[in-house]
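>>> The sequence and its predicted three-dimensional model are supplied below.
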Amino acid sequence: AKPWKGKSLLTLKNHTPEEIKSLLNLAIELKKQRQLGRHNDLLKGKNIVLLFEKTSTRTRCAFEVAMMQEGGNATFLDMKDSQMGKKESVEDTAKVLGRYYEGIEFRGYHQDTVEMLAKHAGVPVWNGLTDEYHPTQILADWMTIMEKLDKPLEEVTFAYVGDARNNMANSLMIGAAKMGMNFRAVSPASLAPDKTLMQEMQEVAMETGANIQWFENPIEGVKGADVIYTDVWVSMGEEDQFEERIELLVPYQVNEFLMSKTGNPDTIFMHCLPAFHDTETSMGKGIYDQHGISELEVTDAVFRSEQSVVFDEAENRMHTIKAMLVATMGPSGHF
Ligand code: CP
Ligand code: NVA
């Protein structure tokens with residue numbers, strides 16, 4: 001069986017735990033091949049297009065490098081420069097691009113757009129982040145946990161602390177429910193997980209043995225956690241909510257005190273990045289000066305600590321995206 005052949009990845013909801021696991025195992029194998037310096041040309045002659053409405057470093061570069069390392073090509077299309085959404089509908093754009101390319105990646109605002117592309121393109125479409133979901137990030141996150149922790153995913157207690165209604169929180173909850181994990185969203189009540197999604201995932205959890213919970217109290221929420229994960233307090237497109245979010249989320253900052261409250265000195269810290277943690281970076285400065293705050297969702301001390309695995313996690317974006325590309329477009333027989 002080749003479950004990923006020709007398939008899109010839009011939310012992670014429509015893939016079985018076995019399918020997700022097989023992709024993670026393929027990513028681990030491809031990482032090994034890369035470390036051995038082997039070039040297998042698994043995507044030779046394949047072309048994909050990358051459509052970006054929102055900015056990106058990791059996702060864009062991971063897709064481009066993954067294609068190039070396996071002998072394929074990627075066209076980057078900044079949507080400011082394309083006709084889509086201006087002179088041409090998403091449907092017509094999908095139909096045209098599907099004639100040129102073997103796959104389409106989309107990053108942008110509306111989940112409807114990526115769903116519409118998938119409906120009309122006739123080739124696999126990959127969601128590289130929308131307002132609602134960020135499924136490819138979850139693949140890298142679970143791969144990193146598999147590498148770092150000495151226990152199977154089903155035994156992992158995972159605490160996501162921060163804005164529990166954003167794309168990362170939604171996708172982490174889906175991924176955790178699928179993989180049978182002990183998942184806790186830890187947030188203020190007004191940023192608690194979407195009720196419908198949480199119920200849906202609690203139903204999935206009944207089949208997989210996962211446990212999906214929400215905690216308002218950060219100290220209770222992280223107790224016994226193997227992983228503390230956070231994300232920015234203000235996602236792309238929500239910049240006008242900055243002040244309100246800071247006020248709500250200050251008690252949920254991941255700092256050394258909160259890390260110590262897991263009761264486990266080996267708890268790892270994860271973040272999808274980019275992160276606001278460093279007063280020295282010119283990137284953060286404008287915001288910090290403006291608001292008189294030195295660190296946001298994570299302190300610099302935790303971000304740079306031994307427990308922090310954020311750069312391995314970022315590297316794994318490339319290996320997992322490559323696995324997804326190989327599994328959907330690669331030669332039959334390999335997967
Ligand atoms: N984690 C992540 O998606 O990073 P980019 O926004 O840089 O792609
Ligand atoms: N929640 C963040 C994730 C960035 C990878 C955002 O949407 O901006």
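That came in fine, so what should we check first? Ligands and ions are numbered 1, 2, ... in the order given.

>>> can we go C-alpha only for contacts and neighbour counts from here?
OK.

>>> How is the closest residue to ligand 1 within the stretch 101-250 of the chain assigned, secondary-structure-wise?
Closest residue of the stretch 101-250 of the chain to ligand 1, Cα to the nearest ligand atom: Gln137 (6.3 Å). Gln137 falls in the helix class when you classify it by DSSP: H, G, I helix; E, B strand; the rest coil.

>>> from memory it sits against Asn316, does it?
No. Taking contacts as Cα atoms under 8 Å, Gln137 lies outside contact range of Asn316: 9.0 Å.

>>> What confidence value was assigned to the residue of the stretch 101-250 of the chain closest to ligand 1?
Gln137 carries a pLDDT value of 99.

>>> Show me which residues of the stretch 101-250 of the chain are close to ligand 2?
166-168, 232, 235-236 (Cα under 6 Å from any ligand atom).

>>> ok, the residue of the stretch 151-300 of the chain found nearest ligand 2 - contacts?
With Cα to the nearest ligand atom as the measure, the residue in the stretch 151-300 of the chain that lies nearest ligand 2 is Ser235; the distance is 3.4 Å. Residues touching Ser235, when contacts are defined by Cα atoms under 8 Å, 6 or more residues apart in numbering, comprise Asn166.

>>> could you measure it against Phe311, distance?
Note on Ser235: its distance to Phe311, by Cα to Cα, to the nearest Å, is 20 Å.

>>> And for Phe158?
The gap separating Phe158 from Phe311 is 19 Å, by Cα to Cα.

>>> Please say which of these two ends up with more neighbours.
Phe158 (27 against 14; other Cα atoms under 10 Å).

>>> Name the residues linked to that one by a beta bridge.
The bridge-partner assignment for Phe158, based on DSSP bridges, gives Phe183, Val227.

>>> Residue ranges in the stretch 201-335 of the chain under the pLDDT threshold?
By pLDDT under 70, the weakly predicted segments of the stretch 201-335 of the chain are 279-292, 333-335.

>>> which of the residues of the stretch 101-250 of the chain next to ligand 2 sit farthest apart?
Met168 and Met236 (11.9 Å; Cα to Cα).

>>> what about these two, which has more around it?
When Met168 and Met236 are compared on other Cα under 10 Å, the one with more neighbours turns out to be Met168, at 28 against 13.

>>> The more buried one is in contact with Thr136, isn't it?
No. With contacts counted by Cα under 8 Å, Met168 stays clear of Thr136, the gap being 10.3 Å.
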